[in-house]
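# prediction below, plus the sequence it came from.
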Amino acid sequence: MLSFVVVLSLLATAFSKCTSLEGSCRYGMAKFTAQFNVNWRGVPTYEDHLNNMYYKRDNCTVKTYTTLDHKRLTCEEVGKGRFNCSSVIESVWVRVWDIASHKNIIDNCGMQWYEEYQNVMNTPCFINGKDFMSDAKQRVGYKSFVSVTIHNRIPEEYEDMHYEGKCVWEYEIEGFWSTLVITIFSISIGVLFILVLALYIYANKHRHEKRNTLNSSLVDQDAKPQV
């Protein structure tokens with residue numbers, strides 16, 4: 001029974017769908033992205049809000065810095081495909097894309113901020129004795145509300161937000177391979193469960209047939225006339 005529950009849990013994770021909605025370039029240097037994860041039942045489970053910064057006045061061509069707020073959603077369906085959700089920021093992540101424009105972070109806090117997204121609560125960054133990520137840390141736990149409309153597990157475009165690219169959380173933080181491994185593991189466990197169940201049924205059937213044969217033989221022996 002426990003194995004069956006594990007399989008269901010893993011399959012639910014593996015078959016969720018993430019969609020990225022990107023906004024237009026603002027002030028020539030900033031672009032916002034909302035990325036929604038929707039489970040197999042069509043219910044949103046989390047939203048990632050990305051604030052992407054670019055070189056000043058280059059019309060959002062060269063990205064320099066990104067902050068990502070990972071929000072857990074608790075949603076209530078208020079109409080067909082329409083959800084009102086309360087959200088809480090579970091973690092905040094930061095990545096430097098251009099070393100020259102954020103040399104102070106790299107020099108004082110390390111290359112890991114350039115190499116991959118860093119959880120601000122787990123990776124310290126102090127510059128001139130001050131916590132450079134203190135503002136980002138204060139956002140953790142912040143609660144808000146969001147409304148989203150879902151069609152076929154895909155969120156509806158809204159305002160100036162349009163579909164673009166892949167989801168950062170799946171591919172760059174959790175990693176694409178983690179999803180692939182979960183899927184393969186889920187299928188393997190499912191197949192193993194079916195095989196075990198089939199063997200159990202076959203063994204019981206074989207045992208039952210053997211018992212019936214033995215009982216039939218005993219009955220035949222009892223029915224024979226004694227000499």
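Done, it's in.

# could you list the domains of the chain?
16-174, 175-222 (the TED database).

# how about CSV for the ones you listed, with mean pLDDT and mean neighbour count added?
Any C-beta I mention is one placed from the backbone N, CA and C, and that applies to glycine too. Output for the domains of the chain, formatted as CSV (pLDDT from 0 to 100; neighbours: other C-beta atoms under 10 Å):
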stretch, mean pLDDT, mean neighbour count
domain 16-174, 93, 16
domain 175-222, 67, 11
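
# top strand in this structure by residue count?
Assignment by DSSP state E gives strand 63-79 as the longest strand of the chain.

# how about the nearest residue to the residue nearest in space to the middle of the chain, chain neighbours excluded?
Against the mean C-alpha coordinate of the chain, by C-alpha atoms, centre = their mean, the closest residue is Glu170 at 5.9 Å. Leaving aside its sequence neighbours, Glu170 sits nearest to Cys18 (C-beta to C-beta, 6 or more residues apart in numbering; 5.2 Å).

# what about Thr149, helix or strand, and which?
strand 143-151 (DSSP states H and E).

# just checking, next helix/strand downstream of that strand?
With elements assigned by DSSP H and E, the helix or strand that comes after strand 143-151 is strand 154-155.

# tell me how far that next one lies from the chain's centre.
15 Å (C-alpha atoms, centre = their mean, to the nearest Å).

# which residues touch that strand?
Contacts of strand 154-155 with the rest of the structure, by C-beta atoms under 8 Å, 6 or more residues apart in numbering, involve 17, 19, 21, 36, 38, 44, 148-149.

# which strands or helices does the next helix or strand after that strand pack on?
Beyond strand 154-155 on the C-terminal side, the first helix or strand identified by DSSP H and E is strand 162-163. Packed against strand 162-163 by the contact rule (3 or more C-beta pairs under 8 Å, 6 or more residues apart in numbering; DSSP states H and E) you find strand 17-22.

# helices or strands up against the strand it packs on?
Under the contact rule (3+ C-beta pairs under 8 Å, 6+ apart), strand 17-22 is packed against strand 30-38, strand 154-155, strand 162-163.

# and with 6 Å instead?
When contacts are defined as 3 or more C-beta pairs under 6 Å, 6 or more residues apart in numbering; DSSP states H and E, strand 17-22 sits against strand 30-38.

# which is the next helix or strand following the strand it packs on?
strand 44-54.
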